[in-house]
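In: need a 3D model of the sequence below.
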Amino acid sequence: MNDSSWGSPPHAGSRAGYWGPADQAPVQGAAPAGPAYDAPEAQQTRPMPIVPDVPAHGGNQDDDRGAARLGGPPFPAEPYGDAPYGNQPYIDAARRHDTPSAQPPAAVPQNPEPMPDAPQPAPAPQKKSAGRDLGAAIGVGVGLGAVIVASLFVVKAVFIGVIAVAVVVGLWELTSRLQERKGIRAPLVPLAVGGAAMIVAGYVRGPEGAWVAMALTALAVLVWRMTEPPEGYLKDVTAGVFAAFYVPFLATFVALMLTADDGAFRVMTFLVLTVVSDTGAYAVGWRFGRTKLAPRISPGKTREGLLGAVSFAMVAGALCMQFLIDDGTWWQGLLLGFAVAASATLGDLGESMIKRDLGIKDMGTLLPGHGGIMDRLDSLLPTAPVVWLLLVLFVGSG
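Out: Modelled structure (predicted):
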């Protein structure tokens, strides 16, 4: 139908479309207002429900099969849906809200969420990751090991130089991180000079020379810092003295081991046991680790890894003491391996505590796959005096 049929007058003499008084109302069953019908047709036609005047076949033409409209729209027409004006059907606002059939269909989500009771697929298991570039770590480790072994068994003085270089670089990393993260300016120049001097003094003059060099280095740190403003003096010199003890003084015990007749093998035993302890802790902890050892300090370390470190180090210690150290026995190696595993773990936790306080993961980036020099010295430094002392007790200072 077209818009001219809205409220059009009925034909004369026809009761089907009559709009007169109530006593002359059309009979029940007559067709609703709209196009004129003959009386016989009106009696046989059932009343149709009121539906929106939407073309059933997609055209704009009138469709006589649709239901008749009311006499006029009581509310202004509103567009139906989101179709652009000019191509969308119009319905009366009252019918759209009152007639259920006029409501637009609810939008169906493209990806409906599953029902709460529906079984959820199990997540795919994730492979454990070492957290570092393992290939680079192995390559760097092999390279460092070759340099150390070559210098250790060829010319001892060259190995002393390797220790001194490692100490200076470690001091640079430590003081740089302290200044970056905490604003602590530990003087690097007296630390580097005094640290190298400590290594040489320990090798040449023994423990007494190392202690004297340590005292002079601490004094040099105090004096050097006096050339700057007094603000922060106490924390700067405290950090400087700590750095002098933590890095070069502990490294001096490696030089002390080297002074013995079998000094090269003592140093080799110290290095092998420390590396084996770290490897055992990593391998066992990565594969079987479940119980955290110190979650607030180093969340990655586990008690199972500690047992692996102890087991590996004790076996390696027994072998090294039996075959590398003069007058050494296997049971001494068991004790030595146990002590190395304990000191290496404590040293690793100690540096982890420092890095956690500084808010960093590694001390540096000099060694790919490892971090910095200090990230490799963390377990070696506190283990050096332990190995030196036990070897002196077991077989003498020879």
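In: quick one: residues contacting residue 269.
Out: Shown in contact with residue 269 (C-beta atoms under 8 Å, 6 or more residues apart in numbering): 317, 320-321, 324-325, 336, 387, 391. In this view, the C-beta of every residue, glycine as well, is placed from N, C-alpha and C.
In: tell me the one of the residues you listed nearest residue 198?
Out: Closest to residue 198 out of the contacts of residue 269 is residue 387 (18.1 Å), distances taken as C-beta to C-beta.
In: counting contacts, what elements does the longest helix belonging to the chain pack onto?
Out: Determined from DSSP state H, the single longest helix within the chain is helix 330-358. Judged by 3 or more C-beta pairs under 8 Å, 6 or more residues apart in numbering; DSSP states H and E, helix 330-358 is in contact with helix 156-182, helix 263-288, strand 298-302, helix 303-323, helix 380-395.
In: so what's the residue count around residue 323?
Out: The tally of other residues near residue 323 (other C-beta atoms under 10 Å) stands at 12.
In: against residue 334, how distant is it?
Out: Distance, residue 323 to residue 334, by C-beta to C-beta, to the nearest Å: 14 Å.
In: contacts for whichever helix or strand comes after the longest helix of the chain?
Out: Per DSSP states H and E, the first helix or strand lying C-terminal to helix 330-358 is helix 373-377. With C-beta under 8 Å, 6+ apart as the test, helix 373-377 has contacts from 144, 166, 169-170, 173-174, 247, 251, 351, 362-364, 366-367, 370.
In: low pLDDT regions in this structure?
Out: Low-confidence segments of the chain (pLDDT under 70): 1-134, 137.
In: redo that, cut-off 50
Out: Counting by pLDDT under 50, the chain shows low-confidence ranges at 1-20, 22-43, 54-102.
In: just to revisit the earlier point, list the buried residues in the longest helix of the chain.
Out: Within helix 330-358, the residues scored as buried using 16 or more other C-beta atoms under 10 Å are 332-345, 347-352, 354-355, 358.
In: stretch 135-153 now?
Out: Buried-residue list, stretch 135-153, by 16+ other C-beta under 10 Å: 137, 140-141, 144, 148, 151-152.
In: now the element after the strand or helix carrying residue 219, going C-ward?
Out: Residue 219 belongs to helix 207-225 when assigned by DSSP H and E. Under the assignment DSSP H and E, the closest C-terminal helix or strand after helix 207-225 is helix 233-244.
In: list the helices and strands whichever helix or strand comes after that following helix packs on?
Out: Per DSSP H and E, the first helix or strand lying C-terminal to helix 233-244 is helix 250-258. If contacts are counted by 3+ C-beta pairs under 8 Å, 6+ apart, helix 250-258 sits against helix 156-182, helix 188-205, helix 207-225, helix 263-288, helix 380-395.
In: what's the angle between helix 250-258 and helix 380-395?
Out: 30 degrees (axes from the mean of the first three to the mean of the last three C-alpha atoms, to 10 degrees).
In: so residue 291 sits right up against residue 303, yeah?
Out: Yes - using C-beta atoms under 8 Å, residue 291 is in contact with residue 303, at 4.5 Å.
In: give the contact list for residue 276.
Out: Contacts for residue 276 (C-beta under 8 Å, 6+ apart) come out as 312-313, 316.
In: which non-adjacent residue is nearest it?
Out: Spatial nearest neighbour of residue 276, chain neighbours left out: residue 316 (4.3 Å); criterion: C-beta to C-beta, 6 or more residues apart in numbering.
In: just residue 324 next, same as before
Out: Per C-beta to C-beta, 6+ apart, closest to residue 324 is residue 265, 4.5 Å.
In: so that neighbour sits against residue 325, correct?
Out: Yes - Residue 265 is in contact with residue 325 according to C-beta under 8 Å; the separation is 6.2 Å.
In: which neighbours do these two have in common?
Out: By C-beta under 8 Å, 6+ apart, no residue touches both residue 265 and residue 325.
In: and the closest residue to residue 361 other than its chain neighbours, how close does it get to residue 362?
Out: Using C-beta to C-beta, 6+ apart and skipping residues adjacent in sequence, the residue nearest residue 361 is residue 355, 6.8 Å away. Separation of residue 355 from residue 362 (C-beta to C-beta): 7 Å.
In: one step back: export the buried residues of stretch 135-153 to CSV and append columns for secondary structure and distance to residue 298.
Out: Supplementary listing: the buried residues of stretch 135-153 in CSV, determined by DSSP: H, G, I helix; E, B strand; the rest coil; distance: C-beta to C-beta, whole Å:
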residue, secondary structure, distance to residue 298
137, helix, 18
140, helix, 22
141, helix, 20
144, helix, 23
148, helix, 26
151, helix, 32
152, helix, 30
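In: looking at these, spot the one nearest residue 259.
Out: Nearest member of the buried residues of stretch 135-153 to residue 259, counting by C-beta to C-beta, is residue 152, at 13.3 Å.
In: can you pull the contacts of residue 235?
Out: residue 184 are the contacts of residue 235 under C-beta under 8 Å, 6+ apart.
In: may I ask which of the contacts of residue 276 has the most neighbours?
Out: When neighbours are taken as other C-beta under 10 Å, the top entry among those is residue 313 (31 neighbours).
In: ok, that one touching residue 345?
Out: No - assessed by C-beta under 8 Å, residue 313 is found out of contact with residue 345, at 9.9 Å.
In: now do the shared contacts for these two.
Out: residue 277.
In: residue 306 against residue 292, yeah?
Out: No - if you go by C-beta under 8 Å, residue 306 and residue 292 don't touch, sitting 10.8 Å apart.
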